[in-house]
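**Student:** task: produce atomic coordinates for the following.
(one chain, ligands or ions: 1)
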Amino acid sequence: MTDAVLATKGISKSFGALQASLDISIDLRPGEIHALIGPNGAGKSTLIQQIAGGMKPDAGQIFLNGQDITALGTAARAKRGLARTFQISALAMEDTVLQNAVLGALGAQGRPFQVFGTALGKADLRATAEQALDRVGLMDHAKTRTSELSHGQRRQLEVAVALTLNPKAFVMDEPMAGLGTRGSKRLTGFLDSLREQAPILLVEHDMDAVFTLADRISVLVYGQIIATGTVDDIRANADVRRAYLGDDT
Ligand SMILES: Nc1ncnc2c1ncn2[C@@H]1O[C@H](COP(=O)(O)OP(=O)(O)OP(=O)(O)O)[C@@H](O)[C@H]1O
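**Tutor:** Numbering: from 1, shown residues only. The predicted structure follows:
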């Protein structure tokens with residue numbers, strides 16, 4: 001598996017006659033943002049779910065830091081440092097920003113059911129949570145109720161919660177969805193800086209964000225990776241232009 005942080009090897013998954021993933025091998029290297037793009041229904045979510053542990057592949061393996069994690073469930077993968085963000089939001093909207101981050105830190109320690117009042121008092125948990133909030137620029141909003149945050153700030157808070165797990169790799173599912181132009185630009189800048197922390201496998205429809213952020217792009221069409229390469233490689237690839245980007249790009 002060379003030095004890949006996260007890798008799939010020959011992942012396949014079908015739903016009846018529909019082949020949603022076909023022999024997919026991709027990897028995520030230290031410090032990179034690897035974007036996964038493809039038309040609607042190409043199989044991006046299916047692949048991400050198999051990587052995160054919510055869906056079992058019919059065949060193939062998934063490796064985190066060279067270790068085979070295929071048999072592990074979502075929680076076990078998360079504990080090992082696979083941080084999936086931006087699926088249906090797991091934030092507690094009525095709690096404060098700090099409380100959400102502390103809850104994340106609690107989960108990271110395997111104590112998710114500890115009484116909340118006690119948890120906030122625990123200096124180590126609070127320190128972990130505050131450090132994560134500081135990293136994403138939300139410390140000024142620590143006491144703000146989460147429901148009062150903008151969409152973009154909620155995305156940042158989700159990253160902060162993920163950071164309390166000390167992630168080895170991020171898997172991000174459409175972080176730009178629902179954000180306006182300004183919000184997308186801001187989040188793009190933030191994700192750009194986050195790759196130093198841990199590499200990011202990024203599923204995203206916003207091509208401006210993808211072309212700005214991605215070190216490499218893989219293109220998925222009908223369950224198969226048809227190309228992997230740099231932004232320039234992908235822009236110039238005739239198959240990709242035909243299948244996905246349109247010939248006018
Ligand atoms: N649980 C399921 N049962 C049956 N078919 C499914 C299931 N999940 C996904 N599919 C089908 O698998 C194919 C791939 O779907 P998937 O959601 O992975 O695509 P996607 O690339 O994420 O699409 P989008 O960009 O619209 O989110 C689609 O044809 C979809 O209808």
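
**Student:** regarding Ser21, what is its secondary structure?
**Tutor:** Following DSSP: H, G, I helix; E, B strand; the rest coil, we place Ser21 in the strand state.

**Student:** tell me how far Arg77 lies from Met55.
**Tutor:** 12 Å (C-beta to C-beta, to the nearest Å). For glycine as for every other residue, the C-beta is placed from the backbone atoms N, C-alpha and C.

**Student:** same question for Ala83.
**Tutor:** Taken as C-beta to C-beta, the span from Ala83 to Met55 is 18 Å.

**Student:** same thing with Ala78?
**Tutor:** Distance, Ala78 to Met55, using C-beta to C-beta: 15 Å.

**Student:** same thing with Gly41?
**Tutor:** Per C-beta to C-beta, Gly41 is found 16 Å from Met55.

**Student:** neighbour count winner among the two?
**Tutor:** Set side by side, Gly41 and Met55 show more neighbours around Met55, with 16 against 13, by other C-beta atoms under 10 Å.

**Student:** show me what contacts that one?
**Tutor:** Neighbouring residues of Met55 by C-beta atoms under 8 Å, 6 or more residues apart in numbering: Lys13, Thr46, Gln49.

**Student:** in helices only, show me these.
**Tutor:** Secondary structure from DSSP state H places Thr46, Gln49 of those in helices.

**Student:** pick the one among the contacts of Met55 closest to the ligand.
**Tutor:** Set against the ligand, the nearest of these by C-beta to the nearest ligand atom is Thr46 (3.3 Å).

**Student:** Ala76 against Gly53, yeah?
**Tutor:** Yes. Using C-beta atoms under 8 Å, Ala76 is in contact with Gly53, at 7.3 Å.
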